[in-house]
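Colleague: A structural model of the following input is requested.
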Amino acid sequence: MHRLRNALVCLLGLLCVGAAEASTPSCGRHGAAAASLQRLQDAMADGRFVAYQPTQIRIVEGRASRADRDGIRADLAVLRPHFDALLTYGSANGADLVADVAAELGFRAVVLGVWGIDDEAEIGLSLAAAARQPELVVGLSLGNERVLAGETDFAALARRLEVLRARASHLLLTTTEPFHLFVQPQAAPLLAAADFLLVNAHPVFQPWFAQADDRTAAQFVVNVTRDVAAAFCGPVLVKETGVPTAPAAMGYTAARQASFY
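Modeller: So this is what the prediction gives:
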């Protein structure tokens, strides 16, 4: 349990918010993915998502180990009593098997990540996994904070989504970035191309966090997600948030994480 808890980036805060206050919200509207959109919205309304990376996958000297079904099943058996939907970070190194094992364990929705936005092999693995589990995989997230890392920009990501949509029009498509990037003007092409948004909102990175109580930190996540929703008319799902469980010397404890959630 402790190994798995430390390997997960964070538990998810889940917000499905409207954009009624927005004057000109923007989002993609793609009829072929209507069934996937409904399944995502249903899972957001009364389910619970968690961001997950197989614990068998570790990077050592630039090389990734592989996950297998048994390892993924052991991970998901721990998560399943508490969560019924998954977001992954990549589909390489055996991670494409997550959807298959999740189906066996009764998860209701999976968004598959594709870490390498130009990696055709990984994109192929994610599409094949979605084809094997069409009632479970609702969409793909192309890249995780790649704009933040300076590896691409929103216009280029939007073009990649449109190319991918031509191959998988039944799937919802998106990317993942920190909340503040989605509200910048340069995000407009991506907002117009995406079917939903995956948002990272970490109060621990804010300069006031050390002096704030948990209620303030939680309200921050609500507030910034509303800001994103004001620019976008589709579902907004918080992919990453939370409070680390260690080190205690810095004020990070399991009790504080639980209080935040």
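
Colleague: which residues touch stretch 93-106?
Modeller: Residues from elsewhere that reach stretch 93-106, judged by C-beta atoms under 8 Å, 6 or more residues apart in numbering: 52-54, 56-57, 64-69, 72-73, 76-77, 80, 84, 86, 88-89, 110, 112-113, 125-126, 128-130, 132-133, 135-137. Yep, even glycine has a C-beta here, placed from its N, CA and C like the rest.

Colleague: now those: which count as buried?
Modeller: Buried residues within these, counting neighbours by 16 or more other C-beta atoms under 10 Å: 52-54, 56-57, 67, 72-73, 76, 84, 86, 88-89, 110, 112-113, 125-126, 129-130, 133, 136-137.

Colleague: remind me which helix or strand the closest residue in space to Leu172 that isn't next to it in sequence belongs to.
Modeller: Leaving aside its chain neighbours, Leu172 sits nearest to Gly139 (3.2 Å; criterion: C-beta to C-beta, 6 or more residues apart in numbering). Counting by DSSP states H and E, the element that carries Gly139 is strand 137-144.

Colleague: can you pull out the strands in the stretch 151-261 of the chain?
Modeller: 172-178, 197-200, 236-240 (DSSP state E, counting those that start in this stretch).

Colleague: could these be laid out in CSV, adding distance to Gly31?
Modeller: Converted to CSV, these look like this (distance: least, C-beta to C-beta, whole Å):
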stretch, distance to Gly31
strand 172-178, 12
strand 197-200, 19
strand 236-240, 21
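
Colleague: I'd like the ones you listed as CSV, with mean neighbour count appended.
Modeller: Shown next, in CSV, are these (neighbours: other C-beta atoms under 10 Å):
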stretch, mean neighbour count
strand 172-178, 24
strand 197-200, 26
strand 236-240, 25
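
Colleague: closest to Arg159 out of those strands?
Modeller: strand 172-178 (12.0 Å; C-beta to C-beta).

Colleague: run me through the strand neighbours of the closest one, direction for each.
Modeller: Its sheet considered, strand 172-178 pairs with strand 137-144 (parallel), strand 197-200 (parallel) by DSSP bridges.

Colleague: can I get these in JSON lines with distance to Leu190 and mean pLDDT?
Modeller: Shown next, in JSON lines, are the strands paired with strand 172-178 (distance: least, C-beta to C-beta, whole Å; pLDDT from 0 to 100):
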{"stretch": "strand 137-144", "distance to Leu190": "10", "mean pLDDT": "97"}
{"stretch": "strand 197-200", "distance to Leu190": "9", "mean pLDDT": "98"}
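
Colleague: export the ones you listed to TSV and tack on distance to Leu37?
Modeller: Compiled in TSV, the strands paired with strand 172-178 are given as follows (distance: least, C-beta to C-beta, whole Å):
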stretch	distance to Leu37
strand 137-144	8
strand 197-200	13
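
Colleague: of all those, which one is nearest Val236?
Modeller: Between those, strand 197-200 lies closest to Val236; by C-beta to C-beta that is 5.0 Å.

Colleague: give me the low-pLDDT residue ranges for the protein?
Modeller: Scanning the chain for pLDDT under 70 picks out 1-30.

Colleague: tell me where the longest helix sits in it.
Modeller: For the chain, the longest helix by residue count, based on DSSP state H, is helix 214-229.
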